[in-house]
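> The sequence isn't on hand, but the structure is:
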């Protein structure tokens, strides 16, 4: 008996129950893989494409229009290696070490962390089936310290969540294939900026994103430095 024939034999009550189950499953699949369904609008797309040319980018816009959402989605692509067919921005072909930053622990937890992981975890920008481990920061409640993500190459990417309030020392560490996402970037963030990292061939590997509130919507490069 074919599936179609089996469905035709269901009673109205059984059909209603089956429909509810299918709708619930479809919703779960979307919630646990938001990255697959991400469709940026034109300004977000321009912002992503600029990554192929510039190592530093700024997305300035009004409140609640998708600045940090776009940055979090790009972060998810880089740490997983799952790039959509329409992607023309920068690509990492191997696992990376990434930073996701905010002004304070509260901002990091309520915005950056929530967008990347979701609530519950696995319903954010990073697909649930790629989440390997979420390490909670010591003594900071529900604040996440490190997120470990499965990369398509077979390796493991890491995202370290940091706040500028934690001081300069918090921003010193490994310098290999690093990608940084910052919400509400300010001049103070530049005080924490170390020298650019390079790979074994001398090519720059640091990439920075900024999502800040502003009076007009624009996507621009802070420093027009071409990617080697």
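Arrived safely. Note that the structure is a prediction, hence the values are computed from the model and not measured.
> where does the closest residue to residue 126 other than its chain neighbours land in three-state SS?
In space, and not counting its chain neighbours, residue 126 is closest to residue 76: 4.7 Å by CB to CB, 6 or more residues apart in numbering. Using the backbone N, CA and C atoms, a C-beta is placed for each residue, glycine as well. Following DSSP: H, G, I helix; E, B strand; the rest coil, we place residue 76 in the helix state.
> hang on, residue 76 packs against residue 125?
Yes - Residue 76 is within contact range of residue 125, at 4.1 Å (criterion: CB atoms under 8 Å).
> Which one of those two is surrounded by more residues?
Set residue 76 next to residue 125 and count neighbours by other CB atoms under 10 Å: residue 125 wins out with 25 against 22.
> Please spell out the segments of this structure that come in under the pLDDT threshold.
For the chain, applying pLDDT under 70 flags the ranges 1, 140-141, 168-179, 183-228.
> What lies in contact with the top helix by length along the chain?
If you go by DSSP state H, the chain has its longest helix at helix 12-31. Under the contact criterion CB atoms under 8 Å, 6 or more residues apart in numbering, helix 12-31 has outside partners 7, 10, 37, 118, 123.
> Phi and psi next, for the residue lying closest to the fourth one once chain neighbours are set aside.
Okay, so that is residue 118. Spatial nearest neighbour of residue 118, chain neighbours left out: residue 124 (3.1 Å); criterion: CB to CB, 6+ apart. Per-residue torsions, residue 124: phi -100, psi -150 (degrees, to the nearest 10).
> count of neighbours near residue 124?
There are 24 residues near residue 124, going by other CB under 10 Å.
> contacting residues for it?
34, 72, 76, 114-118 are the contacts of residue 124 under CB under 8 Å, 6+ apart.
> How about residue 6?
Contacts of residue 6 by CB under 8 Å, 6+ apart: none found.
> Quick check: chain neighbours aside, which residue is closest to residue 45?
Once flanking residues are discounted, residue 45 sits nearest to residue 86: 8.0 Å by CB to CB, 6+ apart.
> Please apply the same query to residue 94.
residue 153 (5.4 Å).
> The protein: strands as residue ranges?
Along the chain, counting by DSSP state E, strands occupy 56-61, 97-102, 131-136, 144-150, 156-163, 178-183, 207-213, 218-220.
> How about residues contacting the fifth one?
When you say that, I think you mean strand 156-163. By CB under 8 Å, 6+ apart, strand 156-163 touches 75, 78-80, 95-105, 107-108, 112-113, 116, 132, 137, 143-151, 170-171, 173.
> Separate out the buried members of those.
By neighbour count, with 16 or more other CB atoms under 10 Å, these hold 75, 78-80, 95-103, 105, 107-108, 112-113, 116, 137, 143-144, 147-151, 171 as buried.
> Show me which pair in the contacts of helix 12-31 is furthest apart.
The span of these, defined through CB to CB, is set by 10 and 118 at 34.2 Å.
> between the two, which one's more packed in?
Neighbour totals were compared for residue 10 and residue 118, and residue 118 leads with 18 against 13 (other CB under 10 Å).
> give the contact list for that one.
By CB under 8 Å, 6+ apart, the neighbours of residue 118 are 31, 34, 124-125.
> Kindly recompute the last result at 10 Å.
31-32, 34, 124-126, 128, 131 (CB atoms under 10 Å, 6 or more residues apart in numbering).
> Who wins on neighbours among the residues you listed?
Counting neighbours by other CB under 10 Å, the one among the contacts of residue 118 with the most is residue 126, which has 31 neighbours.
> so what's that one up against?
Residue 126 touches 33-35, 72-73, 75-77, 79-80, 82, 115-118, 134, 147, 149-150, 157, 159, counting by CB under 10 Å, 6+ apart.
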